[in-house]
Structures are given as structure tokens and as C-alpha cells.
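Enquirer: the sequence and its predicted three-dimensional model are supplied below.
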Amino acid sequence: MTRLAGRRAIVTGAASGIGQASALLFAQQGAEVLAVDRPGVAFAFDEVAGPGRILPLALDVTDEAAPEAAVAAANAQFGGLDILFNNAGVGASVLAAQMSDEAWDQVQAVNLRAVFRFARAAIPLLIKSPAGRIINTASVMAQGADYGLAAYCAAKAGVLGLTRTLALELGRHGVTVNALMPGAILTGMTRDSFARPEVAEVWARKSVLRRLGEPRDVAAVALFLASDDAGFVTGQALAADGGLTLRI
Ligand SMILES: NC(=O)c1ccc[n+]([C@@H]2O[C@H](COP(=O)([O-])OP(=O)(O)OC[C@H]3O[C@@H](n4cnc5c(N)ncnc54)[C@H](O)[C@@H]3O)[C@@H](O)[C@H]2O)c1
């Protein structure tokens, strides 16, 4: 099945974890994908099997010119843009009392400001698409809290507010805007923590499915939101967390 046949996508944070799995899945489902990640980070897309294709593009999403450069590249290579998957993100674990301005600003720059700036740059092309989509990766931490995550939680909560407002503003153009809220997923961001069995076990047990998530668990939800199946879904935040947030 090719659920994204003919669709043109940008996926940020595409060299690892959720972004990599999504770029692969989108291409397997027929999309042409511009895979954006930081300069110097290795892309590994050898196993692309399917009708789509992936073009890597080394860009730091926080660079002032990055959004326009990515959108221009998609336009030049694919002739337009249908899907923007704003997924690049960084973690940070510092208690608020000790957090520097620089640490705060860096988390906001990647996890929130770049999400806004990429969306703004993509709007002119997305509104020309018959099925424009913006998908923003938030987190269950957008609605939760944990020690040391003030900057991260604030940024991810901001992503939800941005998502809802963009959905409102772009609805008349037929563009849907939704957020993903992954739970505990085994990726580059969490690999070191989950390498400690006691940490991995705690997070696996928090999920009612009793396991950590895999990048493909979240990529499958991104595919749904990108596909025609989600054409009447907008302004929503969809948790892909194995039920981690069911219990309070
Ligand atoms: N792993 C989890 O448990 C989890 C849970 C909730 C939300 N998330 C979110 O999922 C998204 C993807 O993260 P992941 O878990 O796949 O982690 P990951 O570290 O495997 O992937 C993140 C990718 O983003 C890239 N990136 C970071 N800063 C960048 C920048 N300035 N410019 C370009 N690329 C940049 C990294 O190089 C990396 O390839 C993030 O937004 C993260 O906050 C992850």
C-alpha cells in the first residue's frame, strides 16, 4: 500500500530515532522526503524499500536561514510541499534553580522557535497542496512535568499551543496541523538512560503495555496524521505512549 503516493515531505531530526523511522516509513509509503538533520550527523537510509525516496539535507534547524533553505530545497527537488514534520528536538535535564539562560534558550530554539519558523516558511507551499499537513512532535511532557525538565516541558507545551493556533489559521486552506505526544521511546535521546536496566524497567512499567516504545510506534502515528485517513483531524495532540499517561 502507498498511503503517501506523490506526497512531498520535510522531516526534521531525520537522522535518528522517531524522525529517521518516519522518513523511512513515509518513503516506503511513496513520499519524496527531504530528511533534515544537523551538519555532521550521519544519515543512514540504506534500507529504503519502496516507491518513494529520501534526500538528506544537513541543516541546523535553529539557523536563521534554515527554514527557508529547507522549503526552497523541497520546492526545487520535489516541485512543492505537502507535509512538514517538525520533529527535531533536544532534551535537557537541569533543575530550574540551576538552569542558565543559555540552556533555557537552546531548548526553546530547537523545540519551539524552530517549529514555528519552519511552519511559517512552509505555509506558502502547504496552502497550494491538496492535502497540506503539519505534524509537530511534542511530548507527553507537554502536559506533564518531571524534575529538571522545566525548559523541555515549557517548550513542548508551547508546541501544543502553536499547533492549535496554526490549525485554526490554516484550516480554511485545507491544511491540517496536529501534534504527536510520544511517551518513553527508545531513541538516540533516551539511549543512555535506558541503557540502565533499572531506568528502562521503570519506564516500561509506566506504560500499560509494559514496554518502551520503538521509533516505528511513533512513525506509524505520524504516517496516519500525514495520510488521507486523517484528513478531518486537526488541532489535536495524539499521544503515542503505550498508555503511560492513563494513570495519575
Ligand atoms: N524519545 C522519547 O522518549 C521522546 C519522548 C517524547 C518526545 N520526544 C521527541 O521526539 C522528537 C524526536 O526525538 P527522538 O527521541 O527521536 O531523539 P533522537 O535524538 O534520536 O532524534 C532527534 C534528532 O533531532 C536532531 N536535532 C537535534 N537538534 C537539531 C538541530 N538543531 N537541527 C537539526 N536537527 C537537530 C538530532 O541530531 C537527532 O537526529 C524530539 O522532538 C523529542 O523531544 C521523544
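Expert: Looks like it arrived, so ask away.
Enquirer: what's the residue nearest the centre of the chain sitting at in phi/psi?
Expert: Here the mean C-alpha position of the chain is nearest to the C-alpha of Asn87 (Cα atoms, centre = their mean), at a distance of 2.2 Å. When read as degrees, to the nearest 10, the backbone of Asn87 gives phi -120, psi -20.
Enquirer: quick one: it and Phe232, what's the gap?
Expert: According to Cβ to Cβ, to the nearest Å, Asn87 stands 23 Å off from Phe232. Bear in mind the C-beta positions are built from the backbone N, C-alpha and C, glycine included.
Enquirer: you'd agree Ala9 is in a strand?
Expert: Yes - checked against DSSP: H, G, I helix; E, B strand; the rest coil, Ala9 lies within a strand.
Enquirer: tell me what the residue nearest to it when sequence neighbours are not counted is bridged to.
Expert: Setting aside the residues directly before and after it, Ala9 is nearest to Ile83 in space (Cβ to Cβ, 6 or more residues apart in numbering), at 3.9 Å. Beta-bridge partners for Ile83, by DSSP bridges, are Ala9, Arg133.
Enquirer: equivalent analysis for Glu32, please.
Expert: Beta-bridge pairing for Glu32 (DSSP bridges): Arg8, Arg53.
Enquirer: doesn't Arg8 make contact with it?
Expert: Yes - at 5.0 Å, Glu32 counts as touching Arg8 under the criterion of Cβ atoms under 8 Å.
Enquirer: any chance you could list residues touching both of those two?
Expert: Phe78 (Cβ atoms under 8 Å, 6 or more residues apart in numbering).
Enquirer: can you tell me if stretch 137-154 touches the ligand.
Expert: Yes - for stretch 137-154 and the ligand, the contact criterion (Cβ under 6 Å from any ligand atom) is met by Thr137, Ser139.
Enquirer: show the pLDDT at the residue nearest to Ala9.
Expert: As predicted, Ile83 sits at a pLDDT of 99.
Enquirer: do the one 5 residues further on as well
Expert: pLDDT, the model's per-residue confidence, is 99 for Ala88.
Enquirer: spatially nearest residue to it (excluding sequence neighbours)?
Expert: Gly13 (3.2 Å).
Enquirer: point out the other helices and strands that the helix ranked longest in the chain packs with.
Expert: When the chain is parsed with DSSP state H, its longest helix is helix 150-170. Applying 3 or more Cβ pairs under 8 Å, 6 or more residues apart in numbering; DSSP states H and E, one finds that helix 150-170 makes contact with helix 101-108, helix 114-126, strand 133-137, strand 176-182.
Enquirer: what angle separates the third one from helix 114-126?
Expert: Put plainly, it is strand 133-137. Here strand 133-137 runs at an angle of 170 degrees relative to helix 114-126 (axes from the mean of the first three to the mean of the last three Cα atoms, to 10 degrees).
Enquirer: and the contacts of strand 133-137?
Expert: Residues outside strand 133-137 that contact it (Cβ under 8 Å, 6+ apart) are 13, 18, 82-87, 89, 115, 119, 122, 126, 159, 162-163, 166, 170, 175-180, 182, 218, 222, 225-226, 230.
Enquirer: out of these, which touch the ligand?
Expert: Answer for the contacts of strand 133-137 near the ligand (Cβ under 6 Å from any ligand atom): Gly13, Ile18, Asn87, Gly89, Pro182.
Enquirer: interface residues of this structure facing the ligand?
Expert: So the chain meets the ligand at 12-13, 15-19, 37-38, 41, 60-62, 87-90, 110, 137, 139, 182, 184-185, 187-190 (Cβ under 6 Å from any ligand atom).
Enquirer: among those, which ones are in helices?
Expert: Those of the residues of the chain next to the ligand lying in helices (DSSP H): Gly17, Ile18, Gly19.
Enquirer: check which helices and strands whichever strand or helix holds Ala239 sits against.
Expert: Taking DSSP states H and E as the definition, one finds Ala239 inside strand 237-240. Using 3+ Cβ pairs under 8 Å, 6+ apart, the elements in contact with strand 237-240 are strand 176-182, helix 215-226.
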